[in-house]
Every structure is written in structure tokens, then in C-alpha cells.
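Student: Dropping a prediction and its sequence here:
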Amino acid sequence: MIPILTPAEMGSVDAAAPEPLEVLVGRAGAAVARAALDLLGGAYGRRVVVIAGPGNNGADGRVAADGLSRRGVRVEVLEAGDLPAVLPACDLVVDAAYGTGFRGAWRAPDADGAPVLAVDIPSGVDGLTGVVGEGTEPLQAWRTVTFAALKPGLLLDRGAELAGEVTVADIGLDVSGATAHLVTDADVAAWLPERPPSSHKWRSAVWVVAGSPGMAGAAALAAGGAQRTGAGYVRVSSPGGLPGEGIPTEAVGTELPAEGWAAEALADQDRFGALVAGPGLGTADATATEVRRLLAGSTVPVVADGDALTALGTDVARYVTARTVLTPHDGELVRLTGAAPSADRLGEARSLAAAAGCTVLLKGSTTVVAAPDGRVLVTTTGDARLATAGTGDVLAGAIAALLASGLDPLRAAAAAAHLHGRAGTLGWRRGLVAGDLVDLLPAAIDRLDRLDPPAPAGGSPR
């Protein structure tokens, strides 16, 4: 996993460093110079423009400029506060204008088509949220060299697009206290448990309580997600009758009564490693009451998704346990917290997880998973192909399958989101639907199974 530190946390790490600031700046500038030479493909005859600001970010850029000059690169250093509208012709622009603590507005000059290497973060991007403020126009980076740890702003909102390829340079700072991490393929591969030769279908069984008239597809997709992520046995139950047509052939459909169905589900829950509750159940008052009873009485891990989140509302802490995983998108987050979310997505997920006392998976282009103790795992594998109806139902089933296999809620949710995103990237660029995602999950898992064990911290996060 690759550590993630907020700008404030990074400031504390910098302050605690045993080396003086100039030593750290020297290491950072050297890392930038190496990345520049890599992008340039050499030094002889190359021209570089360095935009240097007044702070430490600018100091990193100036050290990089000196290093590049010594290698024979023709370097021009321009002050960030006194830039022409169009930069001089060059082979590379180094953006060292402003760092993660930037406040205010900044309009970058025209790079005239030259590639851009950003230092720590593209200038003008908020280091905590990735948001670009009104009146700011950052440069689009080909690559960003950040130091010691990722910053949330490199992974969220427009910052994720503007940063380009991100690499983390080790400059000798101690980031072992980081509580947030970006999940890699190798991490998930290491977490996925092997099925022992003596395994049988009930060792990783999932019960999907979902669906209602007109919403049978939600139950089918959740069941498919569970099956294709490794569940040995999947039962699908819809209150008021048998689940509709469309559930997977290998799933077992059973009937729950129209009223008081939570008691029946709780009576048989111990046969399962995890439950899914909510997709397509509906939002009637009676249904919401039964959802709350089911969650409050569960003794096995439960993924509360879709309509279950609406049923919980702002009283969520009364009904969930430490084994529950909540999977809200932004609209559902509002129902759970009673307030519009801020741009600090790590903070929002952490806050709800702590208040509810369970794991929270906050959906978005970057998925944030938080545990009640403040640990956070982030995944960036998905893309716009997942923005289609039913993909969240597939994810709920995948989380349940990993819970049933024995993963703890934090890792189960993060690993499922990571696999869910990888599966999406194996599909068509246009026209992918949730049912395709179900079929692509085994291929995504198989690719991870072929990886070597995880490498030490560091390296490229994307």
C-alpha cells in the first residue's frame, strides 16, 4: 500500500524530520531532476523552463534546475509571479510554482504544447480535496513527482486528472504513521484468501435479501457479483414472494413473507458468511422497519446497500454493528449524515465510520473506504464505465463474497472496489452494463492471482 498524507499531516512529518530543510529540498530537487531527464530522454540539446514559486515548492524547482544545468540541459527559471502569457519554447516545463498548501487563484501560462512535470502537485490544485478553485487554471501535467507520500488532492476530483502519472519519491521522511493508503493490485492479490482443498460451498455462503416487484434485477446483479467474486453458495430472497426471473441459475431463490420477514432471515443467518441487504428492496415504511430489524439483529457481516441506507437514515448508529459495511454514494451519504458532503472525501468517510461504528465505502470516481478507528483505504481502479445502473449492486455482492471468505470489513470493501474497477477496465469503452461487469470479475481476479507478492512501499501508484 502507498501511504497518503494530508497537507497538514505532511507538515507534521516535515517538522519532525531529523535533517534540516535544505537537505530535504536537495533530495526533492534531485528527484525532480531525475524525472525530468527521464521525460526528456537525455540532456544534450534539451531545453527546460522551470516555473519557480516563492515557497519550498519553488525551492525544489530551483534545485532541480541547477541539477539539470549541470547535466548540460539549457534551463530557464521564471518567477511564478511574473510570467509571460506564453512560455518560451522548450522541451519540458517544470511546474514548481505552488505546492499543496496553495490558497487563492492562479492562472497558468500557455505551455505552448510542451509536456509538464509537476512538483508535488499541479499548482493551483487543493492538496486535501483535489478541487481547483474559481479563477484558477492549472497546467495539465504529464507526470507529477510527489514526495514521501501521496496527497489526497492527487487522487480526488480534478487533481486526479491534472496530475497525470504520479510517482512517489522517497526523500528520507518517516511516513510510517500514515493512516490512509492507496491500495495496489499486489495488495489485493495478497489479501485474497486461497480456498483450501477441503472447502465446501457453505464456507463462503452469501445471502442476498433484495429485490421487489420491478426491481428484481438488483437482486440478480448482487447475486452475480457475489458468485463471481468467489461465494460458494448464494441464496436470493425477496420479501413477499420468490425472487423474480433473472437470478443466476446457480443461485437458490427462496421466499420471505411480505411482513415480518426480518425474523425469518435472522433465524437462518448463521448458515451464511455474510448478508447483502437493500438493493431494490424499496423504501416503504414497513420495508424500512424490517431492514432495521435485520441489521440490528445480525450476527454475521452485512453489506447495507441501496434502499437499506435510506432505511437507516441518520439513526444509522442504532442499527449497525462493527461487522456492517455501508456503501453510500453522495446522495445516500446525505441521508445518513443529514448534511451535504464537503469536498474532503477522506474526512467525510472517516467521520461517518466513526459516528456509526462500522466500515463505510464512499462511492465515487475515487472510492474511499474508512474504518471506525480512522484507517482509510483508497482505490482508483474504476473509470466512467462504471457510471451505469446496477454496478453498485454488483459491488455489494462482491463485498459480501469477500466478507464471507474471511476478510475483515475494511479490506473486503477495499478489495471488492479495487476488483470492481479492474473488471470495468476489461470491458468495452462504451456500452458496458452491470451484467457485463459480473462476467468480467473472474478475469480481473485471475489477473491479480498471477502477480508476484507485494513490493515494499513506494513506486508508481497508477
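Tutor: Good, I have the coordinates. Numbering: from 1, shown residues only.

Student: When you work out contacts or count neighbours from here on, use the C-alpha atoms and nothing else.
Tutor: Will do.

Student: Check the secondary structure at the closest residue to Leu361 other than its chain neighbours for me.
Tutor: Using CA to CA, 6 or more residues apart in numbering and skipping residues adjacent in sequence, the residue nearest Leu361 is Val369, 4.3 Å away. Look at Val369: counting by DSSP: H, G, I helix; E, B strand; the rest coil, its state is strand.

Student: Val369 contacts Cys358, doesn't it?
Tutor: No. Val369 lies out of contact with Cys358 (CA atoms under 8 Å); the separation is 10.7 Å.

Student: Just checking, which helix or strand succeeds the lengthiest helix in the chain along the chain?
Tutor: The helix spanning the most residues in the chain, taking DSSP state H as the definition, is helix 21-40. The helix or strand immediately downstream of helix 21-40 is strand 47-52, counting by DSSP states H and E.

Student: Can you give the strand pairings for that following strand, parallel or anti for each?
Tutor: The sheet places strand 47-52 alongside strand 74-79 (parallel), strand 92-96 (parallel), with pairing taken from DSSP bridges.

Student: Please identify the most buried of the ones you listed.
Tutor: Using mean count of other CA atoms under 10 Å, the stretch among those with the greatest mean number of neighbours is strand 92-96 (a mean of 28).

Student: chain center to that one: distance?
Tutor: Taking CA atoms, centre = their mean, to the nearest Å, the mean C-alpha location of strand 92-96 is offset from the chain mean by 28 Å.

Student: report the angle between the axes of that strand and helix 21-40?
Tutor: Regarding strand 92-96 and helix 21-40, their directions subtend 150 degrees when assessed with axes from the mean of the first three to the mean of the last three CA atoms, to 10 degrees.

Student: Is Arg350 in a helix, a strand, or coil?
Tutor: For Arg350, the secondary structure call by three-state DSSP comes out as helix.

Student: Tell me how many other residues surround the nearest residue to it once chain neighbours are set aside.
Tutor: Counting by CA to CA, 6+ apart, Ala370 is the residue found nearest to Arg350 once chain neighbours are left out, at 5.3 Å. Taking other CA atoms under 10 Å as the criterion, the count of residues near Ala370 is 32.

Student: list the contacts for Ala370?
Tutor: By CA atoms under 8 Å, 6 or more residues apart in numbering, Ala370 lies in contact with 346, 349-350, 353, 359-361, 376-377, 410.

Student: mind redoing it with 7 Å?
Tutor: Neighbouring residues of Ala370 by CA atoms under 7 Å, 6 or more residues apart in numbering: 349-350, 353, 359-361, 376-377, 410.

Student: Highest neighbour count among those residues?
Tutor: Once you tally neighbours by other CA under 10 Å, Thr359 ends up highest among those, having 33 neighbours.

Student: Can you read off the pLDDT for it?
Tutor: pLDDT, Thr359: 98.

Student: all helices in the stretch 51-200 of the chain, in order from the N-terminus.
Tutor: Along the stretch 51-200 of the chain, the segments classed as helices by DSSP state H, counting those that start in this stretch run 56-70, 157-162, 185-191.

Student: Now render these as TSV, adding mean pLDDT and distance to Thr388.
Tutor: Formatted as TSV, the helices of the stretch 51-200 of the chain follow (pLDDT from 0 to 100; distance: least, CA to CA, whole Å):
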stretch	mean pLDDT	distance to Thr388
helix 56-70	97	40
helix 157-162	96	19
helix 185-191	95	24
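
Student: closest to Tyr233 among the contacts of Ala370?
Tutor: Leu410 (22.6 Å; CA to CA).

Student: need the next SSE after the host helix or strand of that closest one, C-terminal direction.
Tutor: When elements are defined using DSSP H and E, Leu410 is found to belong to helix 409-425. Sequence order places helix 434-449 as the next helix or strand after helix 409-425, per DSSP H and E.

Student: tell me what that following helix is packed against?
Tutor: When contacts are defined as 3 or more CA pairs under 7 Å, 6 or more residues apart in numbering; DSSP states H and E, helix 434-449 packs onto helix 185-191, helix 216-228, helix 409-425.

Student: The nearest residue to Arg318 once chain neighbours are set aside sits in which helix or strand?
Tutor: Leaving aside its chain neighbours, Arg318 sits nearest to Ala296 (7.5 Å; criterion: CA to CA, 6+ apart). Ala296 is located in helix 285-297, with elements delineated by DSSP H and E.

Student: residues making contact with that helix?
Tutor: Counting by CA under 7 Å, 6+ apart, the neighbours of helix 285-297 from elsewhere in the structure are 260-262, 266, 308, 311-312, 319-320.
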